[in-house]
Every structure is written in structure tokens, then in C-alpha cells.
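Student: Give me a model of this one.
(2 chains)
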Amino acid sequence: MSRQYYETSDLQDFPNIGEFAPDQGDKFFEYYTTATSAGKLTEREKSLIALAVATVRHCPYCIDAYTNKCLSMGVSHDEMMEAIHVGAAMVAGDTLVHSTQMRKIVKKKEM
Amino acid sequence: MGLDEEHELMDRMDQSDSFIEQLKVCASYPLRAQSVDVLQINITRRCNLCCRHCHVEGSPDRTEELSLDNLNACLRAAAHSRITTLDITGGSPEMHPHLEWFLGEAAAMQKRVLVRSNGAILLDDAYRRYLDVYAEHGVEVVVSLPNPLQDRTDRMRGMGVFDRIMAALKELNMRGYGSPNTGLILNLVHNPVGAFLPGSQQALEREYRLKLRHDCGIEFNSLFCLTNCPVGRYLDFLKRSGNLSEYTDMLKQSFNPSAVANVMCRSTISVGVDGRLFDCDFNQVLDLSLSDGMPAHINDFDFEKLAQRTIVVRSHCFACTAGSGSSCQGVLE
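Tutor: Below is the predicted model:
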């Protein structure tokens, strides 16, 4: 089967995600634009954050969009990879910190 | 790639004249000139470099250059009072044997004169004098620096080119270029090193300024961001790397109606190395002549006619209307 759940061209549909709920869609895009535009942080810094989140969230559309955005903003390969390592470290860390729950239970239950 | 093949490819990309359709939607078709402020002169195709994005495919092997007669015709045309700027490009303009004379004549006209240099050539013994010639005539220097990172610029322009550009920029700074109050303007040009669009000009200018100042102590006036147009060597790259369709789709999806009013062709005439006139440098490379009834050659320059001409557009024009728009002077907004 040649058709996939994730298709590259689907990224072009992003502007249409408010199609069946335009009010919420408009509000989302207003928020999205404000959140990702330059503020106290630069557009470049926000692009790197977005790339790290996209990778952690395994979103192929966002990885595509923000890798291109980072390239457009002149971000180096090293910087992009460092940002992804921050995401990877956070995922590892928030996994491992949940071992606390396991260890607490183990210590309570075992004789 | 031959011209016929390039035209065929353009037609395949644009079977429904989608650029014209977009112009119709925003009530801008036919696209008309509003003046001729800039005479952009492609003085030679010869270049000491062989950059991978070069739309004119300049190289040391190219021999085409504007004749002395045609240079004189350019000066006669530029004398028109409403032409404010002579924009000299190439190839590498320094490799034209009469550039120094031409700059002297152009400077005497009291107009804005700018030269688009690859920078690296200014360190060669045969062309080093232009560092002083430019300063003496108050020529605005526009240096192509695709990226402030060495490896990216070298990938696009050749090994060692980044360091040579940095050395040339320092020499220009020493002569007062890029400093406030000297009147000597040094602008840089950014092109994406790959199949993507340039980012925000303001953000990239900040990035360039911080990096060049911190790493090399270099100052400049402004950064111009240019979108790569899918013609010439850049088109070859897009095809070879399998990026052509995605890139041209991206240009179309990024069409910005508000950029149309300010596209450079509306205020520019491009002179080819044979003296023929074109709407822009890209149309020149694609051999797309001016619309019917327009003077075809610099010898027949007619300001009134050219200032009201209908501009010849094709699908490559999406490169100038994508995102914030693109021109030889940077973004259009």
C-alpha cells in the first residue's frame, strides 16, 4: 500500500485545521502565532525549542517544519542536535524520576 | 541544463500559469512597471568562483562581457534624471577590463552606484586595487555572504572562500566601509544554503552582526535576504537532490500578495552581457525578452516606454513573492 497515515503533503493542510470548528481554530492560530513569534526570546531561540518539542512528541510535520525553520534562521547542525539532546535528556529524566513511584511502592510492600 | 530544457521544466512546473492566476486573484495582472529607478547591468559572466547557487552560472571559463560600446550606451541611458541607481553585477564585475573606467564615469553622474562583489576576488593581486577604487568613488559595495558559518558558505562557494571574504570585509572596514558617518556603504547578501526559504531578515541581520563582530571584528550596514530562484545551477541542485517539486510547491504556498506591489522588476531594467534588455536578471538567464513593442537593446533605451511596460512573468517569479518577498535589495516588506 503506497498511501501512509503520515504524508508529507499533509503538512500543507495545517492552515485548515480549524475547518470544522473555525472559532476555536482562529483562537488557536492567534495563540500559536503569538507563542512562536519573537518576544523576550528571539524567533531563533523559539525555533530551537519548537524543534526539541517536535522531536520529543514524535510529530513528523513539526519536525519537518521546524528543521526547515531552523535552517532558515541560520541555526547550525550542532545547535539543532544539542536542542534535541535537551529534549532526549528531559524524556530520560522524566522517565527515571517516575522510578520514585516504583521504589516507594516496592519499599512499602516488601517485607 | 540548456535553455530549452529549462523552459520545458518551467512549463511543466506551471502548466496552468499559476503565477498569472495568483496575480489575477490579487488584481495585479498584467503586472506593470511603475518606473525605472534602477539600471541593473550584468557586466560579465566571468567569475573567479563557481558557486553552487549561481543563477547566471558564472565561472572562470565564461567569456561573455558587455562591450565598450554597450557600456557607453548604459551611461547614456543612466543619464535620464529619473534613474537613481546603477547596479553593477556579474559574474564578478571586477573581471571586466573596463570596470574601473566605467565606475569613474558613473560616479561623475552623482547617482547611487553599487557593485555586487563576491568579496573573495578583492584579495587577488590583479583586482586588489578595487578596494581603493570603490572607496575613492563612494561606490556602495554589496558582498555575497550566504551564511555567517564557515562550513556553510564554503559548501556553497568553495573551500576557503569564507576566510577570504572575511579578510576582504576587514580591508573594506579599514577604508571606512560599514562605519557610520563615512558614507561608505557595505551591505551583505544572505542566500539559503539549501532547499529552503530565508528566515526573517531582521533576525538574520542580528545573527550576522553578532557573529561577524564577535568572531572577526567586522562591521556592515545591512543584510539583504534573497530567496534562491529555481534557475541556473540552483535549479540543477534542486533536481539532483530531489527537492525541485517540494521547493517550487513551497514557493507557491508562500505567495504573499502584498509583496507583488514592490517586486524589483517594477522599478528596474536589467541589461544583459550582450546589451539586450530584460525585466530582471532571472528573465535574462531564461532568455525571456521584454514584452512586444519594447526596445530590445540598451542602444534603443526609451525611458517613457520602459517605465510603463508590461512585465513578462513565469512560474520562477514565485521566488520574488514568497514570504516577505525577495529582491536584490532584500525583503520587500
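Student: C-alpha from now on. contacts and neighbour counts both.
Tutor: Fine.
Student: Name all residues that make contact with the residue of chain A at minimum distance from chain B.
Tutor: Residue nearest to chain B within chain A: A:S72 (4.4 Å; Cα to the nearest Cα). Each residue near A:S72 by Cα atoms under 8 Å, 6 or more residues apart in numbering or on different chains is listed here: B:192, B:196-199.
Student: quick one: which of those residues is most hemmed in?
Tutor: Neighbour tally across the contacts of A:S72 (other Cα atoms under 10 Å in any protein chain shown): the maximum, 27 neighbours, falls on B:P198.
Student: before we move on, the earlier item: in JSON lines, list the contacts of A:S72 along with pLDDT and distance to chain A.
Tutor: Output for the contacts of A:S72, formatted as JSON lines (pLDDT from 0 to 100; distance: Cα to the nearest Cα, whole Å):
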{"residue": "B:P192", "pLDDT": "96", "distance to chain A": "7"}
{"residue": "B:F196", "pLDDT": "96", "distance to chain A": "6"}
{"residue": "B:L197", "pLDDT": "95", "distance to chain A": "6"}
{"residue": "B:P198", "pLDDT": "95", "distance to chain A": "5"}
{"residue": "B:G199", "pLDDT": "93", "distance to chain A": "4"}
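Student: Now intersect those residues with the helices, please.
Tutor: Taking DSSP state H, every one of the contacts of A:S72 sits outside helices.
Student: how about those in a markdown table, adding distance to B:G91?
Tutor: Converted to a markdown table, the contacts of A:S72 look like this (distance: Cα to Cα, whole Å):
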| residue | distance to B:G91 |
| --- | --- |
| B:P192 | 19 |
| B:F196 | 24 |
| B:L197 | 23 |
| B:P198 | 23 |
| B:G199 | 26 |
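Student: what helix or strand is the residue of the stretch 1-150 of chain B found nearest chain A on?
Tutor: The minimum distance from the stretch 1-150 of chain B to chain A, using Cα to the nearest Cα, falls at B:N147 (7.2 Å). Using DSSP states H and E, B:N147 sits in no helix or strand.
Student: do B:V113 as well
Tutor: strand B:112-117.
Student: Could you do B:L332 as well?
Tutor: Assigned by DSSP H and E, B:L332 falls outside every helix and strand.
Student: That one touches B:C265, doesn't it?
Tutor: No: the criterion here is Cα atoms under 8 Å, and B:L332 misses it with B:C265 at 12.0 Å.
Student: quick one: which of those two has more around it?
Tutor: Neighbour tally, B:L332 and B:C265, criterion other Cα under 10 Å: the higher count belongs to B:C265, 25 against 20.
Student: Would you check how far apart A:I105 and B:N42 are?
Tutor: 77 Å (Cα to Cα, to the nearest Å).
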